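Asks: Build me a model from this:
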Amino acid sequence: MKHSLVKDTIIQTASDLFYRNGYNLTGINEIIKEAGIAKATLYNHFQSKEDICLAYLEHKNTTFLTQISAYANSAPQGKDQLLAIFDFLSLFFDGTDFNGCWCIRTVAEIPTDNTRIRNEIQKQKNDFLKLIEGLVMINLEQVQDPELVAKQVYLLYEGAVAESHLHQKAWPIESARQMCDQLLN
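Replies: As a prediction, this is how the structure comes out:
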């Protein structure tokens, strides 16, 4: 197998396992077994489980930002593009593998002094916040403080993710979307 294909297989396998089972409950040997590779092959690509976790987080974030941005931008211009992020979340929730936010799940499992993973998660959350702020600035030119509105929309979204995962119901997403709609009026 090509070097990059092996690395991608490891990342995809670890991503599936970390997201489904959690970071702490997924061992290196399980990743090796599921990926169908030798231990030496894994360590040729990643020096540690933490390095695999960082690759997992980056993979999930890149995929998420690409997909949610495309989904939001396909909605009619105006507040519908911001509301579309909640529609995207509804589709994600309705999917077969919804297990909440991979960032929050991971940060809950790491020690507080693990700054590498924590910094990556903070970066990813800031990237999402910037995406929302961009949508606010493009679609709601009359807004006085786009950064504040973006933070409010972000908090509604993040709360909807957490609570829909906790309750295993869609009502938090629906409620957050309605609150966002009221906020943007």
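
Asks: Skipping adjacent residues, who's closest to T13 in space?
Replies: Spatial nearest neighbour of T13, excluding adjacent residues (CB to CB, 6 or more residues apart in numbering): A35 at 4.1 Å. In this view, the C-beta of every residue, glycine as well, is placed from N, C-alpha and C.

Asks: Could you check how far that neighbour is from L183?
Replies: Separation of A35 from L183 (CB to CB, to the nearest Å): 44 Å.

Asks: ok, the residue nearest to T13 touching K7?
Replies: No - contact criterion CB atoms under 8 Å: A35 and K7 do not qualify, at 10.2 Å.

Asks: Please report how far the residue of the chain positioned farthest from its centre lies from E174.
Replies: In the chain, counting by CA atoms, centre = their mean, A40 sits farthest out from the average C-alpha position, at 29.8 Å. Note on A40: its distance to E174, by CB to CB, is 49 Å.

Asks: what about the helices in this structure?
Replies: Under the criterion DSSP state H, helices of the chain are mapped to 3-21, 28-35, 39-45, 49-74, 79-94, 102-109, 115-139, 146-167, 171-183.

Asks: Mind putting those into CSV with mean pLDDT?
Replies: Shown next, in CSV, are these (pLDDT from 0 to 100):
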stretch, mean pLDDT
helix 3-21, 92
helix 28-35, 95
helix 39-45, 93
helix 49-74, 96
helix 79-94, 96
helix 102-109, 94
helix 115-139, 96
helix 146-167, 96
helix 171-183, 97
